[in-house]
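J.: fold the following for me, if possible:
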Amino acid sequence: MCLYDLKELDVDIFEILVEEKTPMTVDEIAERIDRDRGHTFRSLQRLVHCEFVQKEQVNHESGGYHHVYFIINPNEKASQMQKKLNSMYRNVDKKIEEFRNKYS
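T.: Here you go, the predicted structure:
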């Protein structure tokens with residue numbers, strides 16, 4: 001997961017969500033990893049930003065709401081990761097060719 005500059009905590013949270021298989025709140029995740037809510041929330045934000053995890057709002061009948069987090073389809077994410085890696089490879093290959101043409 002180094003393509004996404006994720007921290008160890010991010011990976012730990014992702015693995016908990018994979019293991020749990022059901023959406024979880026920030027508080028539930030924080031309790032499982034024995035970390036404060038703030039660190040847990042920031043880690044979840046990174047995972048959502050990198051599209052490893054989705055965030056969904058759950059509305060309460062009595063008013064109010066809370067958010068839950070769950071993993072995206074692992075096969076879809078693997079395909080996205082492969083596309084990103086292929087794109088990076090093409091960019092590096094292009095830079096090498098430019099270097100070769102300029103300095104050979």
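
J.: strands along the chain, start to end?
T.: Along the chain, the segments classed as strands by DSSP state E run 53-59, 65-71.

J.: tell me the most buried of those?
T.: The highest mean neighbour count among these, using mean count of other Cβ atoms under 10 Å, belongs to strand 65-71: a mean of 15. (Glycine included, C-beta is placed from N, CA and C.)

J.: can you put the strands of the chain in CSV and add distance to residue 82 and mean pLDDT?
T.: CSV is the format used below for the strands of the chain (distance: least, Cβ to Cβ, whole Å; pLDDT from 0 to 100):
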stretch, distance to residue 82, mean pLDDT
strand 53-59, 19, 97
strand 65-71, 18, 96
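
J.: reformat the ones you listed as JSON lines; add distance to residue 87.
T.: Shown next, in JSON lines, are the strands of the chain (distance: least, Cβ to Cβ, whole Å):
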{"stretch": "strand 53-59", "distance to residue 87": "22"}
{"stretch": "strand 65-71", "distance to residue 87": "23"}
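
J.: nearest to residue 27, of these?
T.: strand 65-71 (8.8 Å; Cβ to Cβ).

J.: and that closest one, how far out from the chain middle?
T.: 14 Å (Cα atoms, centre = their mean, to the nearest Å).

J.: try stretch 19-39
T.: Worked out by Cα atoms, centre = their mean, stretch 19-39 lies 15 Å from the chain centre.

J.: may I see the buried residues of it?
T.: For stretch 19-39, burial by neighbour count (16 or more other Cβ atoms under 10 Å) applies to 23, 24, 26, 29, 30, 32, 35.

J.: for those, which one is nearest residue 74?
T.: Looking across those and measuring by Cβ to Cβ, the closest to residue 74 is residue 23, at 15.8 Å.

J.: list the contacts of the closest residue to the closest one other than its chain neighbours.
T.: Excluding the flanking residues, the one nearest residue 23 by Cβ to Cβ, 6 or more residues apart in numbering is residue 68, at 3.5 Å. Going by Cβ atoms under 8 Å, 6 or more residues apart in numbering, residue 68 touches 23, 24, 25, 55, 56, 58.
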